[in-house]
Every structure is written in structure tokens, then in C-alpha cells.
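coordinates for the following, if possible.
(2 chains, ligands or ions: 2)
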Amino acid sequence: MSETASRTNPKGDEAIDRHLEREYEAGWVTDIESDTLPPGLDEDVVRFISAKKNEPEWMTEWRLEAYRHWLTMDHPNWAHVHYPKIDFNAISYFSAPRSQADGPKSLDEVDPELLRTYEKLGIPLHEQQMLAGVAVDAVFDSVSVATTFKSKLAEAGVIFCSISEALQEHPELVRQYIGSVVPYRDNYFAALNSAVFSDGSFVYIPKGVRCPMELSTYFRINAQNTGQFERTIIIAEEGSHVSYLEGCTAPQRDENQLHAAVVELVAHKDAKIKYSTVQNWYPGDSEGKGGIYNFVTKRGLCAGERAHISWTQVETGSAITWKYPSVILRGDDSVGEFYSVALARGRQQADTGTKMIHLGKNTRSTIISKGISAVRAENSYRGLVRIAPTADGARNFTQCDSLLIGDQCGAHTFPYIESRNPNATVEHEATTSKVSDDQLFLCRQRGLDPEKAVSMIVNGFCKEVFRELPMEFAVEAGKLLEISLEGAVG
Amino acid sequence: MLKIRNLQVAVEGEPILKGLDLDVAAGEVHAIMGPNGSGKSTLAAVLAGRDGYEITGGSIEFLGENIAELEPEERAWRGVFLAFQYPVEIPGVTNLEFLRASVDAHRAYRGEEATSAVDFMKLARATSKQLRFDTDFLKRGVNEGFSGGEKKRNELLQMLLLQPKLALLDETDSGLDIDALQIVAEGVNTLRSKDRAIVMITHYQRLLDHIVPDKVHVLSGGRIVRSGGKELALELEEKGYGWLEEAAA
Ligand SMILES: Nc1ncnc2c1ncn2[C@@H]1O[C@H](COP(=O)(O)OP(=O)(O)O)[C@@H](O)[C@H]1O
Ligand SMILES: [Mg+2]
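Ligands and ions are numbered 1, 2, ... in the order given. Sure, this is the predicted structure:
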């Protein structure tokens, strides 16, 4: 932390001091350079985080309000997700990017299973090292690539940076939009995230600009270490277009078990935001140790007429996934889409779905959800389609397909439809199928081994979603499913 | 090529094949006929290695190797092909990707490189044309929404691309109109060669008019009860199976 920072935020400094004292009391000698807080959460922790990031005062206050609200909330209980109670005081809420010195020294020290997966995904060696947290030279290919792309973006007037950077460079924009789509009151994990968010991405596309590239493909390595409470904001001004890719098909190693991200999208009149996610958290070692709990609040607002927001996601990995990317269709004729593949295997639990809130006239939404359960996994789809009285002529089409592999897994579908407008059309289709013995035998008779056969059948099942993904991502997603399903057939 | 001795097979504890003998030499075409439920599809499934069929006695030798314990794909790689009586759908998987994966799996077994997308496309197009499929056909999901006749022709397409040593056709002619039957028969005939064998399960002489068999067998009550030349099929057409069943009983 710099000198300037401490001068501009004296209040923050006090908080830091108090913390240092407390750490000392606890018998720990903490080097301020290490930038890591001991476990525990209170107002001082919130102030400390804000101060460390040299945030404007309104931001600190907002975090504190969120924290105070969080204290009044109860930990949610969901019928189909089971996990041990989380002790929020056992978590450390601030740690600067992990020092490379703590990581493995070379790939030889990395879990060979993980490396095997990287190889199968065809991830280049230097990326493998980055992903596995191996110390590497600061200069490698993608840095210069990143720089080139950054200047290209700047030319187009696109802002693409971390939230921390945006808070310094464009505080007025952050202030206008943060919490505008996902208020901290929204839910338990959104409140927690608002209080303690670590970092994330900030994207701003000016009026009429078509973002010259898919955002984040080239940046995925640099975007590591955003921490467990990630916050992302994407704003598309009138008539602009952007396609944002989140995540990475490689299993991401992370010491933090709890992840509670918030993503807010705002599409103004005639703007389009396409947000694609391929999420593959490190599922833990063979005993499942280190599996991630992933509680995410993602929501988009179609603020203007004919705005268009599309969520596409492919989820595998985490021990527990709870997320409902949603769209609020406020502008007349706006469009919301949700395409999802969720794979749960082993003892994973996935509870995903979407919410489409129709407010404007002639708003349209499409939901295509593909759930795959293998072995003993439980996969739930929970979808809400709400049509407000104002949403004349609104239309929704929902299709929920579940595929079971094996006979000890489960798929659950919970569609909630609240239509308060008689001129709206809501259609829902649901199917549950099994990878049948006949299909498997046909494939094997044609020379495919059982794993290849299952992965092919599953890929076919997911086709409608995969074709919504950018090409590169779709190929990776296909491979990812194949790897994830290894050992799922016996 | 194929030597079956005293083969006994049970399904869910119920004996279905009860001591079946069959010899098929390279270059030959055999027809297996017999009443419904006599075990014809069971024989085909057992040869292809389907789960759930318990071999309780006897042996299956293919090209000098006992294949009874091999996995279905291992038999396929060695050249055993089964054209299914009821081809199943695989939604969302295009015919093209399915065919290519299948051909590449066979190539990998032989230590050959995977096909290039372009070469494979050419080959698949030419073969589809031979079976009178239009070009869109390769882009459709495997058997997805196909008519009965299309499904059967699709089995042939797979067979012609894989060029198996032993082709087992389970009622591939059932449900075909005369034109489709002609197309299928032409396809099968192109596969005939001195180092391949074809075993056709059928109820109808009309297929055998197009693909003339070297030998005809009647399967009844889990055994081959009569074998003969192509004239046996004509006799069956005339008299039905009753006289043989009575003779066997
Ligand atoms: N999977 C199965 N489970 C139980 N019985 C079966 C099964 N498959 C075949 N069978 C029985 O085995 C006998 C032979 O069937 P099949 O081989 O299909 O006869 P075919 O093809 O000659 O008409 C029939 O009695 C049939 O009911
Ligand atoms: Mg049959």
C-alpha cells in the first residue's frame, strides 16, 4: 500500500492499525507487507479491506451498510443442497494475491491428476504453470498479447479493467452501477459479497460501440487470484455489443472453499450483452477434499427497449453449485436468454436455474437447461418466470432436459411460473432421459469405448447450449465434459 | 471364419439358445430364418457381445480366436458388425460425427492415423449417395426422426464405411419398400468378397432373390434345426416353419 493511499484515507489507516494490534494480541506476528488478515469478520475487517484498496468513502460506507444488513439475515436453507454449516469467522477476508514463493516450485510438485487434465485439454505449458500456481517468469507470451489487446480496446473507448482499478479511475461509473442490479439486500451471499468483495472485472462499452473482441479469452490467466468474493459489472450503453467470457475449462485450484460472486449486467436501449461461462472448479482430490462451494448471484437488467441479455453457462466441478443467472426485462421488446449445461457427478450437488422477470411489453425470454447427473450426483433445476401486469404480450419458452447416467443419481425440476398478465404466453417443456443400454451398445458395437460413447451421447444432449458458446469455448466445453465423465461409466 | 459350437445362452436365467452349431467360411453368405422368438436376434446380440446374455456353454471362435469374453468394441475392432433390427436414436449427435468417431476408432485399433475431416467428408458423401441419401442426411442426428427405412439404410451406411469382415444383418429387410430393399441389397452385395462373410437374419425370400445365399439355416427353439442351400428358403416360403418344428420336436 502506498503513501498516497494512507493520506487520502486516514480512517482506513486506523482500521488497519487496530487490526495489527489484534493480530498481535492473538500472538501472531503479521508483516504488513503480507497483506493478509487473520480469519474473522466484523466492521473493522470491512473497513480494512476498503482502506487497503484505497476506496472512496462512499464505497466504504456501502460495504458497511451491506455488512450490517448481512448480520440481520439468516443463512438460507435449500431443500436439495446439503453441506456443513459455514463458519464465516473461520474465513480470512483479505489476502493479497498469493505470493508466488508459496506455490509449487515446478510442475513436478503439482497434483499429477491435475496435470493429466491440463494435458487432455491441450493447455499450453506456461498456462498450466500459471493455473497450478507455479512461480514463472513475469514475462511470458500472453502479457504482450494482453497489452496489444488493451490498446485496441482503449481505441474503441471500451473500459475493461479490475473493479479496484475502476474505483480509482472511474469512480462515478462504479458508484452509479454497483448494486443497481443486485442490491446488497438481495440475498445472504450477495450481502456478504457487497461487504467484503475482493476484486473482479469492470466493463464499460460506450454508446454504439461493438466491442472489437471477445472479452477475457486473452485475459483469463491475468484474471486469476480475484479471490473468493468476486464482483463483476458490465455496462453496455445504447446500441453497443459485448461478448464476455468468464472462467476457464481447466480445473482451477483454490484454497478457498467458499466462493460467493456477484455479477451485474446492464444493457441499455438496443444493446446486447452475451455472457458465457465455463466453470470448472477443482473438484478436490480423490477424497473430494478441497471441493468448492460456489454460491453466485448473477443478474442482468435489460434497461432499455430492445435490450438483449444472454447467459450461457457450462458448469462442472464445484462440490456445491448454487446459482441462478437472471434477467430483468424492463425495456419494452427486450430479450432474455439462458442456456445452461450443468454436470454433476460423484457426490456433487448442483442447484441451478434462472429467473426471468418480465416487466416491459412484448418482452421475450428463452430458457434451455440441460442437466446431467452421473453416479450419485443430485442435479436440480429451479426456474422462475414472472410476468408482471405491465408485461403485455410477454412470451417465455422454457425447456428443461435432464439426462441420467447410472441409476443412483437424481434430477429434480422446479419450474415456478407467476403470470399476472392474461396476454402473456408461457410454455414449459421438460424431459428426463437416460443414457440407455441400447445407445451404449450401438456405440460400442461401432467401436467406441464406453467412455467415448457416453461423452458423445452427452455432447449430443448438450448441443443446443454448446452452439450458443463462442466456437473456441464450445470445443473446450465438449472436451471438458468428456474428461469430467471419465470413470462415470462402469 | 466363424465357428460356433454347442452354444448355450440364457437371458435372465431363461435358456434361449440351446446348443447351436454354425460354421461360416470367408466369402460365404448365410441366411438364418426361423419363427419369431426362436432366438435369431439373441444369436446376433451374443456374437456382438451385448451385456445381459449369459453364455452357459459352448464356444464362439472368430478368425481362430475365442471372442466370447471380449468387450463389444473389441469384437467390432476385429471386424464383427451388427446391423440392428431396431436401430436406436442418439439425439444431437450428427451422423457425420458418429460415423467419423466410429471409423477413427477402428483405425486407431489398426494403428492407423485418424481421418482428415475433408477426406472423411468425401468418403461419407460418396457412400451416402450410393445409398440414395441426400446431402443433408449426414448432418442429422443419428437415427433422429428417421423413418423405418431410413434407419435400416443408415445401418448399411455404417457397415459400408467400416468394411467389416463379418456382417450380421438382423432383419435389415423388414419394413422396407421395394426400392429401399433394392438399395440395401445393392449395398450388401458390394461388400461381398472372398475374405468377408455375411450372415442375414430374414423372414423373406424377396431379400434372398437379391442377395443369393450360399447356405440357409432354420433356427427354431434355440437350435439350428435344418440347413441347406438357397432352395431351402423357397421351400420355407411355401410350407412355413411348422413341418420343421414338428420334425425337430
Ligand atoms: N432382453 C431380454 N429379456 C428377456 N427375454 C428376452 C430378451 N431378449 C430376448 N428374449 C426372449 O428370448 C427369445 C428369443 O428372442 P429373439 O432372439 O429376439 O427372437 P427372434 O429374433 O428370433 O424373434 C424370446 O422368447 C424373447 O422373449
Ligand atoms: Mg429378432
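
could you confirm whether stretch B:202-213 reaches ligand 2?
No. Judged by C-beta under 5 Å from the ion, stretch B:202-213 stays clear of ligand 2, getting no closer than 9.4 Å. For glycine as for every other residue, the C-beta is placed from the backbone atoms N, C-alpha and C.

quick check: buried residues in that stretch?
Neighbour counts over stretch B:202-213 (16 or more other C-beta atoms under 10 Å in any protein chain shown) mark B:202-205, B:207-208, B:211, B:213 as buried.

of these, just say which sits nearest to ligand 1.
Checking the buried residues of stretch B:202-213 against ligand 1 with C-beta to the nearest ligand atom, the nearest one is residue B:203 at 9.3 Å.

what's the closest non-adjacent residue to the residue in the stretch 301-450 of chain A positioned nearest to ligand 1?
Distances between the stretch 301-450 of chain A and ligand 1 by C-beta to the nearest ligand atom are smallest at residue A:437, namely 9.6 Å. Taking C-beta to C-beta, 6 or more residues apart in numbering or on different chains, and ignoring the residues beside it in sequence, residue A:437 has residue B:51 as its nearest neighbour in space, at 6.9 Å.

please report phi then psi for that neighbour.
The phi/psi pair for residue B:51 (degrees, to the nearest 10) reads phi -60, psi 150.

what is the neighbour count of residue B:139?
By other C-beta atoms under 10 Å in any protein chain shown, the residues close to residue B:139 number 10.

for the residue lying closest to it once chain neighbours are set aside, what are phi and psi?
Excluding the flanking residues, the one nearest residue B:139 by C-beta to C-beta, 6+ apart is residue B:94, at 5.5 Å. Backbone geometry at residue B:94, expressed as degrees, to the nearest 10, gives phi -70, psi 150.

and for residue A:238?
With angles defined as degrees, to the nearest 10, residue A:238 sits at phi -40, psi 130.

so it touches residue A:304, yeah?
Yes. Distance between residue A:238 and residue A:304: 6.6 Å, which falls inside the contact criterion (C-beta atoms under 8 Å).

who touches both of these two?
Listed as contacting both residue A:238 and residue A:304 by C-beta atoms under 8 Å, 6 or more residues apart in numbering or on different chains are A:268-271.

and the furthest pair within those residues?
Based on C-beta to C-beta, the longest span within the shared contacts of residue A:238 and residue A:304 runs between A:268 and A:270 and measures 7.6 Å.

name the residues contacting each of the two.
Jointly contacting residue A:268 and residue A:270 under the rule C-beta under 8 Å, 6+ apart are A:238, A:304, A:307.

scan those and report the most crowded one.
When neighbours are counted by other C-beta under 10 Å, residue A:307 leads the shared contacts of residue A:268 and residue A:270 with 31 neighbours.

report pLDDT for the nearest residue to it once chain neighbours are set aside.
Among residues not flanking residue A:307 along the chain, residue A:267 sits closest, at 3.9 Å (C-beta to C-beta, 6+ apart). With respect to pLDDT, residue A:267 scores 98.

roughly how far does residue A:267 sit from residue B:114?
Per C-beta to C-beta, to the nearest Å, residue A:267 is found 43 Å from residue B:114.

what's the answer for residue B:237, then?
46 Å.

next: residue B:41.
33 Å.

between those two, who's got more neighbours?
Higher neighbour count among residue B:41 and residue B:114: residue B:41, with 20 against 13, using other C-beta under 10 Å.

ok so that one is a helix residue?
Yes. Assigned with DSSP: H, G, I helix; E, B strand; the rest coil, residue B:41 falls within a helix.

got a list of what it touches?
Counting by C-beta under 8 Å, 6+ apart, residue B:41 touches B:85, B:170-171, B:201.

check what pLDDT it gets.
Looking at residue B:41, the pLDDT reads 96.

could you do residue A:260 as well?
At residue A:260, pLDDT is 89.

what kind of secondary structure is the residue of chain B found nearest chain A in?
As assessed by C-beta to the nearest C-beta, chain A sits closest to residue B:92 within chain B, at 3.1 Å. Put simply, residue B:92 is strand when judged by three-state DSSP.
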